[in-house]
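Enquirer: 3D model of this:
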Amino acid sequence: MKRIKGFCWSVALAAVMISNGAAQSKKQPATAPVRAINVDFNQAAGPLNKMFNACVGAGRAAEGLRADWQQQLAYVRRECGFRYIRMHGLLNDEMAIYTQDSKGNPQLSFMYVDALFDFLHSIGMKPFVELGFMPSQLASGSKTIFWWKGNVTPPSDYNKWEQLVQQLVAHFAERYGEEEVKSWYFEVWNEPNLEGFWAGSQADYFKLYTHAARAIKAVNKDFRVGGPGTAGAAWEPEMIDYCYKNNVPIDFISTHAYGVKQGFLDEFGNGGTVLDKNPMSVSGDVIQSRAEIAASKKPGLELHYTEWSASYTPADPIHDSYHEAAYVLQKLKQVGNAANSMSYWVFTDIFEEPGPRFTPFHGGFGMLTIQGINKPVFYAYQWLNKLGPVELKNTDPASWVCKDSSGNVQALLWDFTNTHPGDSMHNQKYYIQDLPSKPKGKLQLHLSNLPAGNYAVELYRTGYKSNDAYAGWLSLGKPNYLTQQQVAQIKSQHDGSPFLKKMISVKAHTPYTEDIDLRENDVFLVNIIKL
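Expert: Now for the predicted structure:
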């Protein structure tokens, strides 16, 4: 008899045998709306597209040398299944890759980047290599961005830039093997369409890209290179057209999208952000990007959204809110097969663009707080990773239902309701509040042709005050500093454990039904385990 998370199903089976397992929730009024999800165990849609955990973001490379950063990445790798990681600042001075001697001759050192990439390799992750920013001794100017001063100017010598890229990539090939590096991605720069990130013109960026792409292909023609890594899905047709006309290598298009309406690059959140009411924000951009590639001279290019989230500022409390979990699932479901990866920005609040942060919940991008507390969005990704490899046919637009080779079924179900009041209020005022969720009626999962037998059922939820660490922090009075005991308390109260475990017996030719009381922005995982 299986033992799952310390729960002895043999005892439970003797004590509780629920025939055909309807949920034991209180009955809703007859007028309450019912959302029905009807799935046939024998009707497979095909392999589950796991683009959702292909890649995840991190702030900058130097942060990856920290012990707490590495511990948190190993955790999200294990729990959420992320395969690649992308970060800024690989070529920043603090990584010590590039300097010049007194005569201007390049001097390269790989000690820090080796320490970082060796760690990634040790936990089974691969780098989605962002080539940036400019080493100060190779830069044409002194303009920088962020607290950690990434230089955003073009190179003073494009030949030295090309030489740097080629020697760096050759080092990777020597250290990790060419077959391994063939599986990596090399992305040239970050958001060059924004003045803050690139002090040159579009033509200057294309020149930078050309030298980098040719350097990479000179090491191995099968190494993958792409760009432009723009904000707001910009420059995609222009990038493809430029590469086609000038015979410049390109293997993928990369760009970014965020779900807010105001401006760009507000690292402190001073200007305020407003969650977009457009139901196809973010996902509409992705679908449009795919259409632009399909209509281009290179219709087979991969598409990677190397940054995305509800908001582009690391001072937006929506990132801490339970709303973020449902938002992320809604957007990923809408994207469908349009993207090869959707890299959530970022996995941890150990993130120092505006400088070190000093409060436990400050609207940081991360799935985890600086102290390693799981936010609701972490559970969205953890539960996505629990889905089996075969997706079942399902017309419901806010769910996945999957199965695995052992006969287990996993159903990930959610409601996304954009409760934001609109342009009259910034996220920074709205999402810091206690925001109780309203009832949305009954959700009914109806699963036909489930093979007869005994099953264990686990139900998980994140939503208002349920695996909602921000609510736990509010209940403590929003302290600016959490003691070890308080951290442990919040983690314990919002640890992602199932809120219901039960046994069911399914009879032949009898459907299994699970009824769930649904609230705004609830996320549920129903895990049905064959015994």
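Enquirer: from here on, contacts and neighbour counts on C-alpha atoms
Expert: Noted.
Enquirer: show me the contacts for residue 253.
Expert: With contact set as C-alpha atoms under 8 Å, 6 or more residues apart in numbering, residue 253 has these partners: 226-229, 236, 301-304.
Enquirer: got the end-to-end distance for stretch 461-480?
Expert: 28 Å (C-alpha to C-alpha, to the nearest Å).
Enquirer: Contacts made by stretch 285-300 with the rest, please.
Expert: Under the criterion C-alpha under 8 Å, 6+ apart, residues 232-233, 236-237, 240-241, 244, 257, 301, 303, 305, 335, 338-339 lie in contact with stretch 285-300.
Enquirer: Quickly note the distance from the residue nearest to residue 93 when sequence neighbours are not counted to residue 157.
Expert: Nearest residue to residue 93, sequence neighbours excluded (C-alpha to C-alpha, 6 or more residues apart in numbering): residue 135, at 5.6 Å. Here the criterion is C-alpha to C-alpha. By it, residue 135 lies 12 Å from residue 157.
Enquirer: same question, residue 115
Expert: Counting by C-alpha to C-alpha, the gap from residue 115 to residue 157 is 28 Å.
Enquirer: what ranges do the helices span in this protein?
Expert: For the chain, the helices defined by DSSP state H cover 9-15, 67-80, 111-122, 158-176, 178-181, 202-219, 236-246, 283-294, 323-335, 376-384, 427-430, 469-475, 484-493.
Enquirer: was I right about residue 344 contacting residue 311?
Expert: No: Residue 344 is beyond contact range of residue 311, at 10.9 Å (criterion: C-alpha atoms under 8 Å).
Enquirer: In this protein, which residue is most central in space?
Expert: Nearest residue to the geometric centre of the chain (C-alpha atoms, centre = their mean): residue 344, 2.4 Å.
Enquirer: Tell me what that residue is bridged to.
Expert: On the basis of DSSP bridges, residue 344 takes part in beta bridges with residue 56, residue 308.
Enquirer: quick one: it from residue 87, how far?
Expert: 11 Å.
Enquirer: shared neighbours, the two?
Expert: Common neighbours of residue 344 and residue 87, using C-alpha under 8 Å, 6+ apart, are residue 57.
Enquirer: mind checking pLDDT for the residue nearest to residue 525 when sequence neighbours are not counted?
Expert: Nearest non-adjacent residue to residue 525, counting by C-alpha to C-alpha, 6+ apart: residue 412, 4.6 Å away. Per-residue confidence at residue 412 stands at 98 (pLDDT).
Enquirer: Could you shift the numbering so residue one becomes 4, and keep it that way?
Expert: Got it, first residue is 4 now, which makes that one residue 415.
Enquirer: Count residues in the vicinity of residue 243, would you?
Expert: 26 (other C-alpha atoms under 10 Å).
Enquirer: Contact partners for it?
Expert: If you count contacts by C-alpha under 8 Å, 6+ apart, residue 243 has them with 253, 299-301.
Enquirer: ok, now which ones touch the spatially closest residue to residue 468 that is not a sequence neighbour?
Expert: Nearest residue to residue 468, sequence neighbours excluded (C-alpha to C-alpha, 6+ apart): residue 474, at 5.7 Å. Shown in contact with residue 474 (C-alpha under 8 Å, 6+ apart): 437, 467-468.
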